[in-house]
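K.L.:
Please work out how this folds:
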Amino acid sequence: WNGWNREHVWPKSLGGFGNEGAGADLHHVRPDDVTTNAVRANDKYGNVTSGKDVKGSSLVSGAVGGKSGGGDFEPLDNVKGDVARICLYVYVRYGGELSQCNKITNVFQSVDVLLEWCALDPVDTWEMGRNEVVGAIQGNRNVFIDYPEYAWLIFGKAVPTDMTTPSGKASGSSGG
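P.N.:
A predicted model of the protein is given here:
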């Protein structure tokens with residue numbers, strides 16, 4: 001397989017949506033290499049302890065796009081936070097109307113893994129820029145990019161005290 005396709009970060013088969021609403025939301029849909037996307041399929045996101053590297057098509061010179069094993073898919077470290085914040089957005093934005101999006105563990109190994117990934121890969125300037133562009137087009141923003149500390153708060157967990165955020169509000173917070 002060669003080429004690019006539209007990836008639903010929260011897999012359609014685990015979300016109960018089509019190509020409208022959540023399935024067309026620009027905060028949720030990203031381009032992906034067809035080979036990597038096909039291997040990931042509808043696996044949950046999680047830490048893969050034993051598995052195989054997922055290599056992309058010849059368009060990306062066979063570059064590794066993650067690891068797959070045991071029904072889980074682990075993206076590269078530099079996008080783990082992006083994936084977690086996108087899934088959080090879908091969970092909060094569409095969980096009330098789509099029953100398959102009302103539990104984050106429908107798509108993630110656990111809440112702890114999701115939060116681990118948010119901390120491991122903090123919001124960067126590329127992600128903030130994408131949020132700006134999508135917000136201008138779509139009329140809404142991914143709040144978990146602007147305020148990633150909300151991820152801990154919605155699950156009743158303490159915000160990490162050393163967390164740096166775009167808002168600057170969580171740094172030094174004791175959470176709760």
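
K.L.:
Tell me how many other residues crowd the closest residue to residue 22 other than its chain neighbours.
P.N.:
Excluding its sequence neighbours, the residue lying closest to residue 22 (Cβ to Cβ, 6 or more residues apart in numbering) is residue 94, at 4.4 Å. All C-beta spots, glycine's among them, are computed from the backbone N, C-alpha and C. Residue 94: 21 surrounding residues under other Cβ atoms under 10 Å.

K.L.:
Torsion angles phi and psi at residue 94?
P.N.:
Per-residue torsions, residue 94: phi -120, psi -10 (degrees, to the nearest 10).

K.L.:
likewise residue 108?
P.N.:
phi -120, psi 150.

K.L.:
For residue 112, give me the pLDDT.
P.N.:
Per-residue confidence (pLDDT) for residue 112: 98.

K.L.:
What is the burial count for it?
P.N.:
Residue 112, neighbours per other Cβ under 10 Å, totals 12.

K.L.:
Residue 24 versus that one, what's the distance?
P.N.:
31 Å (Cβ to Cβ, to the nearest Å).

K.L.:
and what of residue 72?
P.N.:
Counting by Cβ to Cβ - residue 72 and residue 24 are separated by 27 Å.

K.L.:
more neighbours, these two?
P.N.:
Neighbour totals were compared for residue 72 and residue 24, and residue 72 leads with 19 against 14 (other Cβ under 10 Å).

K.L.:
Could you verify my assumption that that one touches residue 49?
P.N.:
No: counting by Cβ atoms under 8 Å, residue 49 is not a contact partner of residue 72; they are 9.2 Å apart.

K.L.:
Thank you kindly, that will do.
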